[in-house]
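Novice: Build me a model:
(chains A and B)
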2 protein chains.
Amino acid sequence: MATDPLSTTFAALADPTRRAILARLREGPTTVTELSAPFTMSGPAISKHLRVLERAGLITRGREAQWRPCTLTAGPLKDAVEWLESYRRFWEESFDRMADYLTEIQTKGDSQ
Amino acid sequence: MATDPLSTTFAALADPTRRAILARLREGPTTVTELSAPFTMSGPAISKHLRVLERAGLITRGREAQWRPCTLTAGPLKDAVEWLESYRRFWEESFDRMADYLTEIQTKGDSQ
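Specialist: As a prediction, the model looks like this:
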């Protein structure tokens, strides 16, 4: 069971429906009904996804009984990016190696 | 069950032991025995975490029978950062709002 904040964030992001909900919320706060519209799943299934996002601190929900808009809260995403950034040199190095290799095979091709 | 690559990556990262293994691999390829040393968990438990990382394409394992070094492969981390970067303006905006608020209360304090 994941309990540290970073594990909770990554677990919340490990689902395409939850990522689609966050993508929708980039356009602004919205109701659960509007959020559910593009999905073919049941209301309770969407509500479960929203609870996961809320527990991870990725959304907040208004407290008005009639209109409880969901709003994106991006703080945990910042922490996730900061963790990932410490690996940047590894993917840049592998990209550089690929570029070197392509240059090498092109040079060989030109000299033949 | 997560099947798309981004979900698989985030699910693999949603565990502190797996993130610690990746952090160790930033120092260079290493054997499973060396990787297991800092952890109090059993060999099979570590092997299970390594299989999750391998399936997510975050590590590769050498094929030599005696020495099967694990190596970090950072490509999926790059894809994860690219997804997260599309939310950057949201955490920067909330940071700006906090900075504005702090300036405001400091200005009020000075004028009293």
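Novice: number of nearby residues for A:Thr3?
Specialist: Counted with other Cβ atoms under 10 Å in any protein chain shown, residues neighbouring A:Thr3 total 7. C-beta: built from backbone N, CA, C; applies to glycine.
Novice: max-length helix in chain A?
Specialist: Ranked by residue count under DSSP state H, the longest helix found in chain A is helix A:88-111.
Novice: packing partners for it?
Specialist: Using 3 or more Cβ pairs under 8 Å, 6 or more residues apart in numbering or on different chains; DSSP states H and E as the contact definition, the elements that helix A:88-111 packs against are helix B:75-85.
Novice: try 10 Å
Specialist: Using 3 or more Cβ pairs under 10 Å, 6 or more residues apart in numbering or on different chains; DSSP states H and E, the elements in contact with helix A:88-111 are strand B:70-72, helix B:75-85.
Novice: looking at those, which is closest to A:Leu6?
Specialist: helix B:75-85 (12.5 Å; Cβ to Cβ).
Novice: Show residues contacting the closest one.
Specialist: Here helix B:75-85 makes contact (Cβ atoms under 10 Å, 6 or more residues apart in numbering or on different chains) with A:9-10, A:13, A:19, A:22-23, A:74, A:77-78, A:80-88, A:90-92, A:94-95, B:5-6, B:8-10, B:12-13, B:22, B:53, B:56-58, B:74, B:91.
Novice: is the helix or strand in which A:Leu6 is found anywhere near chain B?
Specialist: Element membership for A:Leu6 (DSSP states H and E) is helix A:5-13. Yes - Helix A:5-13 comes into contact with chain B (Cβ under 10 Å from any Cβ of the partner chain), by way of A:Leu6, A:Ser7, A:Thr8, A:Thr9, A:Phe10, A:Ala11, A:Ala12, A:Leu13.
Novice: other SSEs contacting that helix?
Specialist: helix A:16-25, helix A:43-55, helix A:75-85, helix B:5-13, helix B:16-25, helix B:75-85.
Novice: try it again with 6 Å
Specialist: Contacts defined by 3 or more Cβ pairs under 6 Å, 6 or more residues apart in numbering or on different chains; DSSP states H and E place helix A:5-13 against helix B:5-13.
Novice: List of residues touching the helix it packs on?
Specialist: Helix B:5-13 has contacts (Cβ atoms under 6 Å, 6 or more residues apart in numbering or on different chains) with A:10, A:13-16, B:2, B:18, B:52-53, B:56, B:58, B:76, B:80.
Novice: Averaged pLDDT, it. What do you get?
Specialist: The predicted model gives helix B:5-13 an average pLDDT of 97.
Novice: tell me the angle of that helix relative to helix A:75-85?
Specialist: 80 degrees (axes from the mean of the first three to the mean of the last three Cα atoms, to 10 degrees).
Novice: Buried residues, helix B:5-13. List them.
Specialist: Using 16 or more other Cβ atoms under 10 Å in any protein chain shown as the test for burial, helix B:5-13 gives B:Leu6, B:Ser7, B:Thr8, B:Thr9, B:Phe10, B:Ala11, B:Ala12, B:Leu13.
Novice: Please apply the same query to stretch A:33-41.
Specialist: In stretch A:33-41, counting by 16+ other Cβ under 10 Å, buried: A:Leu35, A:Ser36.
Novice: Output the below-cut-off pLDDT ranges for chain A.
Specialist: Residue ranges of chain A with pLDDT under 70: A:1-2, A:65, A:95, A:98, A:111-112.
Novice: One more pass at 50, please.
Specialist: Where chain A drops to pLDDT under 50, the residues are A:2.
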